[in-house]
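Colleague: model the following, please.
(2 chains)
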Amino acid sequence: MSPTRAVRDVVLVDAARTPFGKAGASGIYAETRADDLVVAVFRELLRRNPNLSPDRIDDVAVAATTQIGDQGLTLGRTAGLLAGFPSSVPGQSVDRMCAGAMTAVTNLSSGIGVGAYDVVVAGGVEHMGRHPMGEGMDPNPRLIAEKLVDPEALFMGKTAENLHDRFPHLTKARADEYALRSQEKTAKAYADGLIQPDLVPVATRGATLGWGIASADEPPRPETTLEGLGSLKTPFRSHGRVTAGNAAGLNDGATGAILASEEVADELGLTKKLRLVSFAFAGVEPEVMGIGPVPSTQKALAKAGLTIDDIGLFEVNEAFAVQVLAFLDHYGIADDDPRVNPMGGAIAVGHPLASSGIRLMAYLAKQFELHPEVEYGLTTMCIGLGMGGTVIWQNPNHGKDA
Amino acid sequence: MTDSTTVPAGAHDEVVTHALLRVVDLPGGTGKIALITLDNGHDHTKPNTFGLGGLASLTAAIDGAQAAAEAGEIVAVAVTGKPFIFGVGADLTGVAQITTREQSHQVASLGHATLRRLGELAVPSFAFVNGAAMGGGLEIALHCTYRTVSASAGLLALPEVGLGLIPGWGGAYLLPRLIGPEKALKVIVENPLSQNRMLKPKDVVDLGIADAAFDAADFLVQSLRWAAQVLAGDVVVERRPLDDEATWDAAVAASRTLVDLKLHGSTPAPYRALELVAAARTATRDEGFAAEDDAIADLTMGDDLRAGLYSFDLVQRRAKRPVGVPDKKLARPVTKVGVVGAGLMASQLALLFVQRLEVPVVLTDLDQARVDKGVGYVHGEIDKMVAKGRLNNDKGNRLRALVSGSTSKQAFSDADVVIEAVFEDLKVKQQVFAEVEAVVSDTCVLLTNTSSLSVSAMAEGLAHPERVVGFHFFNPVALMPLLEIARAEKTDDASLATAFALGTSLKKSCVLVTDAPAFVVNRLLTRFLGEVTAAFDEGTPFEVTERALDPMGLPMSPFVLLQLVGPAVAFHTSETMHEAFPDRYGISENQRRIVESGTTTLLAWEGSTPRISDEVAALVTVGDSPSTAEQVRQRALDAIADEIRRMLDEGVVAAPQDIDLCMLLGAGWPFHLGGITPYLDRTGTSERVIGARFLPAGVASIPVTLCHGASPVRDRASLALAWDWAASPAYRRAMDPDRGTRVLRRAVLATTLTEPGAVGDLETREAGLLLEGTADRDALDIPWGELVLAGGDPGGVLPEGVVRRRVGRWLRLRLSVHERLCMDGIDAGRAWLVSRVRPRALPADHELHPGPSWAQRTILGGALEYGLALRGVDDDGRPDPEAVGLLPSALLLASGIDVQVAMARADRYLTDMAALASDRRRRDPTATLRPLGDADVLTLLASRSFRTVLVDGQGMRSAAIPSRTRGWLDLGRLDPAFAVTAAQITDADERGFARPVLITVDEVVLVKEGGDAVRQSLADPAPREHTRPASRLA
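Modeller: Predicted coordinates for the structure are as follows:
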């Protein structure tokens, strides 16, 4: 006889991340290992939550898109060991391309929901400098030969151009304007000190420079102008619309989060920053993967019994400006709606693929804290090979005094 | 870097440790910090060291940090290392290149000048010790205001004293002031002398060296956060106040007692360290650092350090790359080991094999009870390790399961290696190997742990003698690092390579030896102990014999060693050796009686002093020809030198270096002896006994080119040579009785007639003088040879008056020392004598000069010789509490005192006085020079650092020094003819130089007779204006 199961509420206790760096030889993490980035985040999470004894962690899931070398070797396990977790804490690796960390969160949350876990640690990392996109890729020739996938589906920039084709009213000008706002909102959030509290300083070493400290994001370009954006090349298609300015760059970084069943969080006296309402992933044609958040959000809203009007804050990953615009356009939300990415997004701060899902959650948590009047928010992102993922969250601060 | 410091260009290829400066944000937005990373661009296998290039780079980084601090851009400075390594100290490969004391002094003071700035910046400084920090590396951290240490840092220590140095970049001054003298001496002196014990990060925090420890995973970030808290005042680091004088001195005294027990004053470095720590309480930073500079400079120019570095190199390099070993590719894999015998030795071997190789190990013995006992021992030891947490349960189970026993050698059938550890009897061992060969494969290597039997003889009669190899461990097997691997006549390369690969897997340092009796260590120790026990058997008192080797600082005295080895084992070995070399290896009848009596306890202890046990005392009979301690030591050393030469001639090992490596690792002989051959060379024993050095000068000693004028090594050697020759019966027979002794007899007669009270009744005999004993003193025998030497006139050519004076002085000194030794006891008497040793320099042609054996050094230029004097007697050896009289070094030899020890003391005294005189000179450059303490003007002139001050750092200075006590005059302002005249009217004993001298940093030259000095002095400028005090400019 199986016991009667009650689904348990899941809360995000805390989330933190390394500053994001630019991938490449001159980036801040050029000589820093990917696993060390994860370790830095995990240790800081435990330090920030002294009420959580590490032996209470029931599982660790770490996402990476390219699971090779320092991102291989069952990263959830090795990072736990390297971070000093007791050997009794298990771990796993997760991959859903850009939604890796989001998937780590949802997978583990499911486990909490059914009572398999009490407390978990999720994380994501991508060191695109050490592991360029497509490293070691060996696509099955059938994908192309049998036209299962458009050849352009494997090149994210081209899928973004395809999205412009599908929605001609989403012009390059609108994309550039959106990109500029992302930079401006990021700069303001920095100035207001909203981003820094969740950054984990990382010791970085350069053989010729010596040790340094990464304590702020490297990618943002607060000096960006529309003129400047307009003059950039369109590398994915001649006379195209997608530029380095209206897309996220190639980045290095890691994120991590502690999740717990709400009752255990209360028992241990842990903070509650987000409460999980529902989540969904959806597939779309791979060659227009940027549209993925539209169906995944529909599914998640339906499961939550909510409508888009119930959502007071949106954290939409900005892989490409056009992909955010397509999402907003679909739901009738203005390009500059203040509920959307109020602290800016990946176009400014960077998008180390598999790590970004938790960065969205950390941003939403900060916004929930600032906006107790908002009850629901969502985090959503498009995913390579034609997918979208959405998680709907309730604000634990809702109803409390502002 | 101070502007006056000029540094010799590094002659070797320094791997430069770069100091990389970066200004980074402190976490929490609390400002910026200048972060200096020490990184030599290699991985952790080549740790950061600091030579001149490294110091220059650090200087540049500190310059940058200082500028940033002064500009208000930073709130602090921090230093950290490359991954796993902070810094492991000065670049020792550079030491061998240092050729003068001055260079060494400059490197030391450059280190200070660079490092001290870290503690003297306008902002606080932090050391984030992320990994190994030894010596100068740790001193960098000590100069900083605060320190953090990584919880995973390995190799934290100040190991200098173990090599023969002192922590001379601030450590000896800063550490005791930081953590107190008691803890500091543990780190600086006691740990290096205890198998170079390292500190753990926890120790470093507990001792108060580091202020906080953080995990390695995010050490730098946490250290920076901590620094931010300190800077913000959120964390306050308390510093302990300095201990009061009594506590301080007591700590130093306690440590000195420990050092004495271990080393008996045999090597200077620990004592210098003690002195520096003792002085650190009241010394200023400048004084403390200057004293370290002097100590470094002195020690660098001493043979002990050179021998220490040589030893370090042998242990670090040669031990890891044994010479003459076949290609390791020939080695066969070892997947199972057999051990014949299940006694204690066999069981220890089995334990080692199973622990290190983790392959099946099977023990065999004659009956099941013995087998069970052997296996039980191994299992028991494994259990203990599990209980102590040194092995986990699974590993314990694994190892236990691998060890089995059998009464049948059939169990060896699939073994790749079988080692025998049965009774030391050739027949038994041959029998064992024959039985083993009957079961094992054709390529199974047969090892014997014999300590003295012939391996080749053991292989005789085997079908495959090429597989037999000698494999000699030392007790205790688990701890002693040496393995002597002996190639027998027929041993083939594959078997030998297998043995070496096996030895390396066992983590032993392997040395290849030929199949000669007792290989290296036991052969030398047996010869050495044989001489010592023979001296005892002849009638030398136990206390004398026991302490005779103290000046060498061996890890244990001869009888304690005998006790440790066990009388029976030692006797057995000496019998074997006697059989092999009857003319050199004797049999002690006393030892035979002791062994036959069955007693195993040789010694009884009174505190830390051993005496012979009553049981043994009743067994032994001794002769009536006692030796002095010095004679015992010389005899033992002579025997070692002789035996080593023979071993090298026989090809027992490839080179003297292998002998030394064996003695360092197998006998635990100290680094400062360099094993042994460097010590034999530097004491002149090698030259005297075998007519040549073992190692070229400079390999483990100061290169000859470094010595000013005559080499002190040569002088000592020739002195010892003359001594032996003059004392030999052959010399006495050959000596012309009508001339040689006639002058001496008259000299003695004159002394007794003029001073009957001082000398007393002397009886002249054919062999020499006999001084009758009294209630207060024993009789004293003075051979003619000794007097020949004392008179400095073996050829009989000196004026009789000179001989008379020298012999008189010798007799008075000899007698007063003898009385002292009889009155106070030998040790106290020697200590009294050594404590009164002073430096003394004299012109070579001086009236007082006691002859060629006196001078220990000649200052370059030949005009000034440097030797010893004794406070409390005048120059004729008469008691005078205020006087400082000449002390022939032979007198020290006759009293059993190492001349080097006395010289070290004299050098130290001169260093101190020269420093004071230099200060005086700097304060008032125009004043005449006066004696300082017990050092007269001539003696001060023997100090290179003082000469440097005299000549203003460079160039030449001419001077008139007509009197050795009355001052000197600058010829820049005086008629040089004065020098000659003044000298002529000065009393001969008081005279300085008869003519003007020219002084440079390196030289003191007497000008030629004639007018040269005038021209030279005219070209010589007066003291530079800027060195004069301002008040004198008016």
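
Colleague: CA atoms of stretch A:126-146 as PDB?
Modeller: Provided in PDB are the C-alpha atoms of stretch A:126-146 (Å, rounded to 0.1, in the frame of the first residue of the first chain):
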ATOM      1  CA  GLU A 126      28.700  27.800 -19.000                       C
ATOM      2  CA  HIS A 127      32.300  28.800 -19.700                       C
ATOM      3  CA  MET A 128      31.900  29.600 -23.400                       C
ATOM      4  CA  GLY A 129      35.500  30.700 -23.500                       C
ATOM      5  CA  ARG A 130      36.800  27.300 -22.500                       C
ATOM      6  CA  HIS A 131      33.900  25.500 -24.300                       C
ATOM      7  CA  PRO A 132      32.700  27.300 -27.500                       C
ATOM      8  CA  MET A 133      29.200  26.600 -28.600                       C
ATOM      9  CA  GLY A 134      29.100  23.400 -30.600                       C
ATOM     10  CA  GLU A 135      32.300  22.000 -29.100                       C
ATOM     11  CA  GLY A 136      32.500  18.300 -29.800                       C
ATOM     12  CA  MET A 137      29.100  18.400 -31.500                       C
ATOM     13  CA  ASP A 138      28.400  15.400 -33.700                       C
ATOM     14  CA  PRO A 139      24.800  15.800 -35.100                       C
ATOM     15  CA  ASN A 140      23.200  12.700 -36.500                       C
ATOM     16  CA  PRO A 141      23.200  13.100 -40.300                       C
ATOM     17  CA  ARG A 142      19.600  12.000 -40.400                       C
ATOM     18  CA  LEU A 143      18.600  15.300 -38.800                       C
ATOM     19  CA  ILE A 144      19.400  17.000 -42.000                       C
ATOM     20  CA  ALA A 145      19.100  14.300 -44.600                       C
ATOM     21  CA  GLU A 146      15.500  13.500 -43.600                       C
END
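
Colleague: which residue sits closest to B:Ala297, ignoring its sequence neighbours?
Modeller: Computed as Cβ to Cβ, 6 or more residues apart in numbering or on different chains, the closest residue to B:Ala297 that is not its neighbour in sequence is B:His105, at 3.8 Å. (Glycine included, C-beta is placed from N, CA and C.)

Colleague: hmm, I typed the wrong one, I wanted B:Leu305.
Modeller: Leaving aside its sequence neighbours, B:Leu305 sits nearest to B:Gly164 (Cβ to Cβ, 6+ apart; 3.6 Å).

Colleague: what about that neighbour, how many neighbours?
Modeller: Residues contacting B:Gly164 under the criterion other Cβ atoms under 10 Å in any protein chain shown number 29.

Colleague: could I get the contacting residues of it?
Modeller: For B:Gly164, the contact set (Cβ atoms under 8 Å, 6 or more residues apart in numbering or on different chains) comprises B:267-269, B:299, B:302, B:304-309, B:671-672.

Colleague: just flag the most distant two among the residues you listed.
Modeller: Of all pairs drawn from the contacts of B:Gly164, the one with the longest distance (Cβ to Cβ) is B:Pro268 and B:Leu309, at 14.8 Å.

Colleague: ok, back up a step: turn the contacts of B:Gly164 into CSV, including pLDDT and distance to B:Ala863.
Modeller: Shown next, in CSV, are those (pLDDT from 0 to 100; distance: Cβ to Cβ, whole Å):
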residue, pLDDT, distance to B:Ala863
B:Thr267, 92, 32
B:Pro268, 93, 28
B:Ala269, 95, 32
B:Leu299, 92, 27
B:Gly302, 86, 24
B:Asp304, 91, 29
B:Leu305, 92, 29
B:Arg306, 90, 28
B:Ala307, 93, 31
B:Gly308, 92, 34
B:Leu309, 90, 33
B:Phe671, 93, 37
B:His672, 94, 33
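
Colleague: in helices, which of the residues you listed appear?
Modeller: The helices in this structure, assigned by DSSP state H, contain B:Pro268, B:Ala269, B:Leu299, B:Asp304, B:Leu305, B:Arg306, B:Ala307, B:Gly308, B:Leu309 from the contacts of B:Gly164.

Colleague: tell me which of those is nearest to chain A?
Modeller: Lowest distance from chain A to these (Cβ to the nearest Cβ) belongs to B:Leu309, with 30.8 Å.

Colleague: pretty sure that closest one contacts B:Val95?
Modeller: Yes - using Cβ atoms under 8 Å, B:Leu309 is in contact with B:Val95, at 6.1 Å.

Colleague: now do the contacts for the residue of the stretch 651-800 of chain B found nearest chain A.
Modeller: Distances between the stretch 651-800 of chain B and chain A by Cβ to the nearest Cβ are smallest at B:Phe671, namely 35.3 Å. Shown in contact with B:Phe671 (Cβ under 8 Å, 6+ apart): B:Gly162, B:Leu163, B:Gly164, B:Ala307, B:Gly308, B:Ser311, B:Phe312, B:Leu664.

Colleague: A:Gly253: which of those is nearest?
Modeller: Nearest member of the contacts of B:Phe671 to A:Gly253, counting by Cβ to Cβ, is B:Phe312, at 46.8 Å.

Colleague: around chain B, pick out the residues from chain A.
Modeller: Counting by Cβ under 8 Å from any Cβ of the partner chain, the positions of chain A adjacent to chain B are A:39-40, A:43-44, A:82-84, A:196, A:201-203, A:205, A:207-213, A:215-216.

Colleague: apply 6 Å and report the result again.
Modeller: Contact residues, chain A versus chain B (Cβ under 6 Å from any Cβ of the partner chain): A:Val39, A:Ala40, A:Arg43, A:Pro201, A:Ala203, A:Leu209, A:Gly210, A:Trp211, A:Gly212, A:Ile213, A:Ser215.

Colleague: give me the lowest-pLDDT entry from those.
Modeller: Lowest pLDDT of those: A:Leu209, 89.
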